[in-house]
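1. Provided below for reference: sequence and predicted model.
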Amino acid sequence: MGVTIPIGGGSAGSGAAAGINIPLGIGVPALGTGASTRETQILRAVAAAAALEDPANALELARQARDDPGSVVAPTIDAAKLALVVDAVDRRRTDGTGAPSITALHTAAAGAIGASAALVAAGDAVLADRTNGSLPQALAWVASIDATLLERAALAGERRRELDRIAAPAATVVNDRIDQLETRVGTIDTRVTSLDTRVTNLDTRLTALEARVTALETS
């Protein structure tokens, strides 16, 4: 059993030449000779992007695959919706025009499963749009082939998020400390300016007194 994903405007029923035909319910090694194959690159990128967009469901599907493999082996896939993300990833393989930015999350998830961060970013840009219905299809599709990809990518993404949460408060503390120091320096500057003004006033008064003394001495 397999699913043919149209690429570049092809139709699901027009044969393998119109898209990529990835079998359902088999492990990644059966997709090709290595991570460099087109099918494997696309699968891993879609897996990482889907796991980042919905880590809870990604982990649940991985659990189901372990406990009851039959529950994820033959899902009903809407090929047209799945093709949205597959096509975007496939285009990014050869065309970087207008490519979305790569984030630390993309890099983390990609690194966990041997995917390209650039391809993950391309897939994520499509899956982030909840109105196109591609995310559930992507999750089900990947789970039917190798749910461990979802699990590893989801966990890597969550670790990255936690690290970011730790780093953010630390940065806030540093910024707050800098603000406090700047406020103190500003206060000191104001006090120094006030002292300068007082000294100037004293100098003026002293000059006036000296002038009076001189006038008295010469009178």
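-> Looks like it came in fine. This is a predicted model, so every value here is computed, not measured.

2. CA only for contacts and neighbour counts going forward, please
-> OK.

3. residue boundaries of the strands in the chain?
-> 2-6, 19-23 (DSSP state E).

4. Report how many residues lie close to A47.
-> 34 (other CA atoms under 10 Å).

5. how near is it to A117?
-> 12 Å (CA to CA, to the nearest Å).

6. same thing with A74?
-> For A74 relative to A117 (CA to CA), the value is 28 Å.

7. cool, L139 as well?
-> For L139, the distance to A117 equals 18 Å [CA to CA].

8. where along the protein do the helices fall?
-> Counting by DSSP state H, one finds helices in the chain at the ranges 38-53, 55-67, 70-73, 79-94, 104-113, 117-127, 134-218.

9. any chance of these in a markdown table, plus mean pLDDT?
-> Formatted as a markdown table, these follow (pLDDT from 0 to 100):
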| stretch | mean pLDDT |
| --- | --- |
| helix 38-53 | 95 |
| helix 55-67 | 94 |
| helix 70-73 | 84 |
| helix 79-94 | 93 |
| helix 104-113 | 95 |
| helix 117-127 | 97 |
| helix 134-218 | 83 |
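
10. Next up, the contacts around A99.
-> R92, A118, A122 (CA atoms under 8 Å, 6 or more residues apart in numbering).

11. so the second one sits right up against T103, yeah?
-> What that stands for is A118. No. Contact criterion CA atoms under 8 Å: A118 and T103 do not qualify, at 9.3 Å.

12. In stretch 46-66, which residues have enough neighbours to count as buried?
-> 46-55, 57-59, 61-62, 64-65 (16 or more other CA atoms under 10 Å).

13. Next, report how far it is displaced from the centre of its chain.
-> 16 Å (CA atoms, centre = their mean, to the nearest Å).

14. Between its first and last residues, what's the separation in it?
-> Start-to-end, stretch 46-66 (CA to CA) is 20 Å.

15. what's in contact with that stretch?
-> 71-72, 85-86, 89, 105-106, 109-110, 113, 115, 120-121, 123-124, 127-128, 135, 138-140, 142-143, 147-151, 153-155, 157-158.

16. rerun at 6 Å
-> A109, V120, G123, D124, V142, A147, T148, L150, E151, A153, A154 (CA atoms under 6 Å, 6 or more residues apart in numbering).

17. what would these look like in a markdown table with neighbour count?
-> Output for these, formatted as a markdown table (neighbours: other CA atoms under 10 Å):
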| residue | neighbour count |
| --- | --- |
| A109 | 32 |
| V120 | 31 |
| G123 | 29 |
| D124 | 27 |
| V142 | 28 |
| A147 | 28 |
| T148 | 21 |
| L150 | 32 |
| E151 | 26 |
| A153 | 32 |
| A154 | 29 |
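
18. Could you single out the nearest of these to E39?
-> V142 (11.9 Å; CA to CA).

19. what's the nearest residue to the closest one if we skip its chain neighbours?
-> The shortest distance from V142 to any non-neighbouring residue, by CA to CA, 6 or more residues apart in numbering, is to A47 (5.9 Å).

20. Could you do A49 as well?
-> D124 (4.7 Å).

21. And that neighbour, how close does it get to A51?
-> From D124 across to A51, the span is 9 Å (CA to CA).

22. All good on my end, thank you.
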